[in-house]
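Participant: here is the input, now give the coordinates:
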Amino acid sequence: MSAAFLDVPLYGFAAMLLATLLGGVLRGFTGGAGAVVVVMPVLSAFVGAREAVPVGVSLMLLTGIQLGPRAIRDADLRETLILSAACALLIPAGAWLLFTLDEDLMRRAVAGIAILFAAILLTGWRHTGRRGPAAAGLAGGLSGLISGAVGMGGPPMFLYVMSGTAPAHVQRGTIALSSSITPVVTLIAMAVAGAFVPRVFWLIAILAPLFVVGTWAGTRFFGRVDEALFRRLSLGAMIVVSTLVLFL
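Facilitator: I've put the predicted structure just below:
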């Protein structure tokens with residue numbers, strides 16, 4: 001399989017490989033939220049948002065199996081259920097937007113949302129309002145809408161979960177489990193919309209091994225390196241890349 005076969009320039013193919021590896025590391029390290037912020041803007045820049053979304057979401061689902069056993073053990077299952085159910089309800093609405101609005105507009109939306117979420121994550125902002133089923137449902141619903149539209153629904157759930165007082169391993173488990181359940185619904189919506197064209201399957205086959213290896217490396221790094229520094233460097237680099245994508 002060559003970059004020419006994928007109808008992607010060589011530099012674009014290299015960028016997708018690098019972004020996928022880094023996204024996998026973030027997936028394993030944080031449990032999920034940073035991964036799609038890294039992967040989606042680069043994929044959408046070279047293959048379009050309508051093909052990038054099913055590819056990125058498929059990668060998250062594959063590594064959900066990888067992270068699943070530990071996530072189930074560590075997660076707050078009640079909060080995970082609320083977040084995932086609310087997310088699933090609004091994913092179809094997001095998918096409808098993806099396949100209804102102009103594709104170039106959606107590509108720019110991917111980059112713009114990535115910049116917004118990366119900036120929020122970099123500032124360390126945390127939700128300080130009331131917590132409970134209603135707030136969790138709101139965070140999950142927003143995640144579902146964004147996931148269906150641009151494949152990046154993780155950050156709203158991440159910001160909500162990380163604002164709680166649960167231990168770090170419980171927060172990470174909740175994020176990992178939630179971001180492993182909801183891709184199933186997103187992919188069903190993508191399949192119904194006809195998103196799974198041949199190039200999507202080829203991209204999944206090529207990028208999945210890199211993402212899995214990156215996720216494994218990220219789980220090994222967790223607790224061994226400075227999380228704040230690693231996340232700042234990764235998300236800072238992604239803001240630069242997404243800004244370039246936004247104005248392509």
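Participant: next one: stretch 191-208 to chain centre, how far?
Facilitator: How far stretch 191-208 lies from its chain's middle: 16 Å, per C-alpha atoms, centre = their mean, to the nearest Å.
Participant: should've said stretch 47-67
Facilitator: With C-alpha atoms, centre = their mean, you get 8 Å for stretch 47-67.
Participant: quick one, strands of the chain?
Facilitator: Here the chain has no strands by DSSP state E.
Participant: tell me where it has helices.
Facilitator: Using DSSP state H, the helices of the chain run over 10-30, 33-47, 49-74, 77-100, 103-123, 133-150, 154-162, 168-192, 198-221, 227-246.
Participant: turn the ones you listed into TSV, including mean neighbour count.
Facilitator: To be clear about C-beta, it is placed using only N, CA and C from the backbone, and glycine gets the same treatment. As requested, the helices of the chain are exported to TSV (neighbours: other C-beta atoms under 10 Å):
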stretch	mean neighbour count
helix 10-30	22
helix 33-47	28
helix 49-74	22
helix 77-100	20
helix 103-123	19
helix 133-150	23
helix 154-162	25
helix 168-192	23
helix 198-221	18
helix 227-246	17
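Participant: least confident of these, on average?
Facilitator: Among the helices of the chain, helix 227-246 has the lowest mean pLDDT, at a mean of 66.
Participant: what's the closest non-adjacent residue to residue 74?
Facilitator: Of all residues not flanking residue 74 in the chain, residue 173 sits nearest, at 2.9 Å (C-beta to C-beta, 6 or more residues apart in numbering).
Participant: let me see the contact set for residue 51.
Facilitator: Applying C-beta atoms under 8 Å, 6 or more residues apart in numbering, we find residue 51 in contact with 43, 195, 197, 199, 200, 203.
Participant: turn those residues into a markdown table, including distance to residue 101.
Facilitator: Output for the contacts of residue 51, formatted as a markdown table (distance: C-beta to C-beta, whole Å):
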| residue | distance to residue 101 |
| --- | --- |
| 43 | 18 |
| 195 | 14 |
| 197 | 19 |
| 199 | 21 |
| 200 | 19 |
| 203 | 22 |
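Participant: coming back round to it: so what's the residue nearest to residue 74 up against?
Facilitator: Counting by C-beta under 8 Å, 6+ apart, residue 173 makes contact with 31, 70, 71, 72, 73, 74, 75, 76.
Participant: look up how far residue 166 lies from it.
Facilitator: Shown here: residue 173 relative to residue 166, a distance of 9 Å by C-beta to C-beta, to the nearest Å.
Participant: what's the overlap in contacts for the two?
Facilitator: residue 76.
Participant: first-to-last residue distance for stretch 117-136?
Facilitator: 18 Å (C-alpha to C-alpha, to the nearest Å).
Participant: would you format the contacts of residue 173 as CSV with distance to residue 131 included?
Facilitator: What follows is the contacts of residue 173, written out as CSV (distance: C-beta to C-beta, whole Å):
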residue, distance to residue 131
31, 19
70, 24
71, 21
72, 22
73, 23
74, 19
75, 16
76, 11
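Participant: list just the nearest of the residues you listed to residue 111.
Facilitator: Closest to residue 111 out of the contacts of residue 173 is residue 31 (23.6 Å), distances taken as C-beta to C-beta.
Participant: no more questions from me, cheers.
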